[in-house]
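Novice: I would like the atomic coordinates for the input below:
(one chain, ligands or ions: 2)
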Amino acid sequence: MSFPKRVTIVEVGPRDGLQNESEIIPTPIKIEFIHQLAAAGLSVIEATSFVSKKWVPALADGSDVLPALNQHAGVRYPVLVPNETGLNAALAAGAKDIAVFTTPSETFSMKNTNCTVADSLARMKTVITQAKHAGCRVRAYISCVLGCPYEGDILPDSVAAMAYALMNDGCDEISLGDTIGVGTPGKTLALLETVMKKVHRDQLAVHFHDTYGQALVNIYVALQCGIATIDSAVAGLGGCPYAAGASGNVATEDVVYLLNGMGIETGVNLEKLIAAGRFIAKKLGHPPRSRVNAAFGDK
Ligand code: HMG
Ligand code: MG
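Specialist: Ligands and ions are numbered 1, 2, ... in the order given. Below is the predicted model:
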C-alpha cells in the first residue's frame, strides 16, 4: 500500500480540545481561535458541540459560536450532535456538517450518552437520516475502538460491524476513535485491516488521543493503510470527560510536521498553526502539549 499524496486534517481543537478544559473559554475567544485555525490553512474545523450543557458546560455556547463565524471559503465547520435535540439546535445555528458519535462499549455508551448501545444506534440512525434530509454531510465517530476505560479490549469485528451499519444508515465518513490512547501499532493495523473489509479506506478517518505517546506511530500505520483523513487538536488539547485518563488528542503541529517530512500535502502553514496553538494555550493557562510547538522556540 502506498502512502496518500494528500491528507485532510480534521482539526478538533475547538470541540474535543475545549470540552474537557476546566477553564471555560469566552465565546469571542473561541471564535478568534477558529479563525486563526482557518487562516493557518485547515480545511475542516470541528467548531463546537450541541450536547447537554449540564454534561459539557465548556461548550454550552455552540448556538452563539457557529453563526458568529466568518466562514472561510472552502472550509467546513462540523459540529458534534448526540440526539435530535442537538441536531435541531445545530441546524438552527446554520450547521451544514455534523458529527454523531457512538461506541461498541455498553458502559462507555451509558457514561457518555446515558443510553445503551442499541438505543444509541437507533438515535444515530434518526439523526443521520434527518441530517442527510437537511442536506448535511455526516461523520460518525466510533469511540473506544482500541480499548475502553471500563470494559478493556474491544473486538475489531464489533467496530467493523458498527462502522458498516453507520455507513448503511447514510454516513459519509467514519472516524475511528482511540478515545483513551491505548492503541499500539500492531493492534491499530489489525483493527484497520478488519474495518477496511467493511468500509472503504477513503471513508475512514483516524482519531488518536496521545495518552501513551503512541498516536504518531499509529497514524503512520493508518497512512500505510492508505487512510487520508486524520483528526488532531492544535496544542494537543483535549480529552473526553467520560473517559478517565484520556489525555489530549495528538497535536496537529506534530502531525503536520510528520506529514511535511513525508512529503504529504496538508495545505497547512505550520508557523500560523503554532501561533494558533500558543494563542489558545495562553488563554487556557497552560503550555501547548506539542513537541513541535516546544521545539519551535521563539522562531
Ligand atoms: P440525558 O440527561 O439522558 O438527556 O442526556 P435527556 O434526553 O433525558 O434530557 C435531559 C435534559 O437535557 C432536558 O432538559 C433536555 O432538553 C436536555 P431539561 O428538560 O432537563 O431542562 N437535552 C439537551 N440540551 C442541549 N443539547 C442537547 C440535549 N439533549 C437533551 N443535545 C445526552 C443525554 C446525550 C443529551 C447527554 O448524555 C449528552 O449531552 N452527552 C454528551 C456528552 C459529550 O459531549 N461527550 C463528549 C463527546 S464524545 C467524545 O469526546 C469522543 C470523540 O472525541 C471521539 C473519541 O475520542 O473517541 C467524539
Ligand atoms: Mg476524542
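
Novice: For ligand 1, what is the nearest residue in this protein?
Specialist: Among all residues of the chain, G177 sits closest to ligand 1, at 2.3 Å; criterion: CB to the nearest ligand atom. Yep, even glycine has a C-beta here, placed from its N, CA and C like the rest.

Novice: For the stretch 151-299 of the chain, which residues are neighbours of ligand 1?
Specialist: Where the stretch 151-299 of the chain comes near ligand 1, counting by CB under 6 Å from any ligand atom, the residues are 177, 179, 207, 240-242.

Novice: Among these, which one lies nearest to I24?
Specialist: The closest of these to I24 turns out to be P241 (CB to CB; 13.2 Å).

Novice: Now do stretch 271-289, average pLDDT.
Specialist: Taken as a whole, stretch 271-289 carries a mean pLDDT of 96.

Novice: Give me the buried stretch members for it, please.
Specialist: Within stretch 271-289, the residues scored as buried using 16 or more other CB atoms under 10 Å are 272-281, 283-284, 288-289.

Novice: re the thing from before, highest neighbour count among the residues of the stretch 151-299 of the chain next to ligand 1?
Specialist: Of all those, the most densely surrounded is T179 (30 neighbours; neighbours counted as other CB atoms under 10 Å).

Novice: and it, how far is that from T103?
Specialist: Shown here: T179 relative to T103, a distance of 8 Å by CB to CB, to the nearest Å.

Novice: Find residues that contact each of the two.
Specialist: Listed as contacting both T179 and T103 by CB atoms under 8 Å, 6 or more residues apart in numbering are 143-144, 148.

Novice: show me where the stretch 51-200 of the chain has strands.
Specialist: 79-80, 97-102, 137-142, 173-178 (DSSP state E, counting those that start in this stretch).

Novice: out of those, nearest to A161?
Specialist: Closest to A161 of the strands of the stretch 51-200 of the chain, according to CB to CB: strand 137-142, at 10.3 Å.

Novice: in the closest one, what counts as buried?
Specialist: Within strand 137-142, the residues that qualify as buried by neighbour count (16+ other CB under 10 Å) are 137-142.

Novice: Same question for stretch 231-244.
Specialist: Of the residues in stretch 231-244, those with enough neighbours to count as buried (16+ other CB under 10 Å) are 231-240, 242-243.

Novice: I'd like to know which elements the host helix or strand of N293 is packed against.
Specialist: Secondary-structure assignment from DSSP states H and E places N293 in helix 291-295. Using 3 or more CB pairs under 8 Å, 6 or more residues apart in numbering; DSSP states H and E, the elements in contact with helix 291-295 are helix 252-261, helix 270-284.

Novice: and the last one, C-alpha only, in CSV?
Specialist: What it means is helix 270-284. Extracted C-alpha coordinates of helix 270-284, given in CSV (Å, rounded to 0.1, in the frame of the first residue of the first chain):
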residue,chain,number,x,y,z
LEU,A,270,3.0,25.3,10.3
GLU,A,271,4.0,28.7,11.6
LYS,A,272,0.5,30.0,11.7
LEU,A,273,-0.7,26.8,13.3
ILE,A,274,1.9,27.1,16.0
ALA,A,275,0.8,30.7,16.6
ALA,A,276,-2.9,29.5,17.0
GLY,A,277,-1.8,26.8,19.4
ARG,A,278,0.1,29.4,21.5
PHE,A,279,-2.9,31.7,21.4
ILE,A,280,-5.3,29.2,22.9
ALA,A,281,-2.8,27.7,25.3
LYS,A,282,-2.2,31.1,26.8
LYS,A,283,-5.9,31.6,27.3
LEU,A,284,-6.2,28.2,28.9
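
Novice: what angle do it and helix 252-261 make?
Specialist: When axes from the mean of the first three to the mean of the last three CA atoms, to 10 degrees is applied, the directions of helix 270-284 and helix 252-261 differ by 170 degrees.

Novice: what sits against T8?
Specialist: 43-44, 228-230, 266.

Novice: returning to what we had before: pLDDT and distance to K96 added to the residues of the stretch 151-299 of the chain next to ligand 1, as a markdown table?
Specialist: Formatted as a markdown table, the entries for those read as follows, by pLDDT from 0 to 100; distance: CB to CB, whole Å:
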| residue | pLDDT | distance to K96 |
| --- | --- | --- |
| G177 | 98 | 23 |
| T179 | 94 | 26 |
| H207 | 98 | 21 |
| C240 | 68 | 25 |
| P241 | 70 | 27 |
| Y242 | 73 | 27 |
